[in-house]
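Model the following, please.
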Amino acid sequence: MKTFYRYPELAIVMLVAAAVLFAGCTSDTSANPGSQAVPAPTTGTGTVPGSATLPYGVSLTVPADWTREDVLTSDVRDYGARTIRIAQFTSPVTIPGDAASRNTLSVDLDQNPGGDFEVYFNQATLALEQSYKTQLDSHSIVKSSTLQIAGFKSYEVDFQTSEVKGSYIFTSTDKGMYIFAFRGPSKPTTIQALQMEIVGIYKSIAITPSDK
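Numbering: from 1, shown residues only. Model prediction:
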């Protein structure tokens, strides 16, 4: 049975959220032929020692055993917007011997999101529905909520299907929309590992919007 959570500020979103998303986030479109490299500074790939400072004014703290890749490409994502993927973080395997049991955090920036945050978020949920419509099932769970990230108003979509567990956080700033997308396979051990980390990570986020 589907479970829905309603929030007054997201009345429009929740009309569509019941049908949305959920279904399994197996990948986004960041590797498709339309991907464009973004000229911006990089700091390489490797083990993150806790606090990470990223391009475009973002810093956050992730577990020390997660690895970091500064992607810096522009592409259309699974939520329908063309964004710069600033970085991606990947956990170790959560189930020994299961290479697919990794959680990820993608950090994206949409520099031209338009002026209406609610409309943007609503369109993002509709785009996610289209991205994963073949994977929708009767056991999907959808939750939308509001929160503050680094002092900025943010909307979150939480979802779980038979294949994927994820949380997408959209944070509106005067320099664009930052999207923090947590994803992982829908396996109990992997979900538990993600839930143990996600709140600490998003509470650590600081944003000082800049040109690079």
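
May I ask which helix or strand encompasses the residue positioned nearest the centre of the chain?
Note on the chain: the residue nearest the mean C-alpha position is A181, at 1.0 Å, using Cα atoms, centre = their mean. Secondary structure assignment for A181, by DSSP states H and E: strand 176-185.

Any buried residues in the helix or strand just after that strand, and which?
Next helix or strand after strand 176-185 toward the C-terminus (DSSP H and E): helix 188-204. For helix 188-204, burial by neighbour count (16 or more other Cβ atoms under 10 Å) applies to 190-191, 193-194, 197-198, 201-202. Where C-beta positions appear, they are placed from N, C-alpha and C, glycine not excepted.

Helix 188-204 to strand 176-185, inter-axis angle?
160 degrees (axes from the mean of the first three to the mean of the last three Cα atoms, to 10 degrees).

what's the distance between helix 188-204 and the middle of its chain?
13 Å (Cα atoms, centre = their mean, to the nearest Å).

neighbouring contacts of it?
Identification of contacts with helix 188-204 by Cβ atoms under 8 Å, 6 or more residues apart in numbering yields 51, 60-63, 91, 94-95, 101-103, 105, 147, 149, 160, 165, 167, 169, 180, 182, 184.

ok, of those residues, which come out buried?
Buried among these (16+ other Cβ under 10 Å): 60-63, 91, 94, 101-103, 105, 149, 160, 165, 167, 169, 180, 182, 184.

From E129, how far off is N122?
11 Å (Cβ to Cβ, to the nearest Å).

where are the low-confidence patches of this protein?
Counting by pLDDT under 70, the chain contains low-confidence ranges at 1-49, 136, 138-141, 209-212.

Send me stretch 160-171 as CSV with only the CA atoms.
What follows is stretch 160-171, C-alpha atoms only, in CSV (Å, rounded to 0.1, in the frame of the first residue of the first chain):
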residue,chain,number,x,y,z
GLN,A,160,11.5,4.1,-1.6
THR,A,161,10.6,1.4,-4.1
SER,A,162,11.4,-2.3,-4.5
GLU,A,163,14.6,-1.2,-6.2
VAL,A,164,15.8,2.1,-4.7
LYS,A,165,15.9,4.3,-1.6
GLY,A,166,16.6,7.9,-2.1
SER,A,167,16.2,11.5,-0.8
TYR,A,168,16.4,14.5,-3.1
ILE,A,169,16.8,17.9,-1.5
PHE,A,170,16.3,21.0,-3.5
THR,A,171,17.7,24.2,-2.0
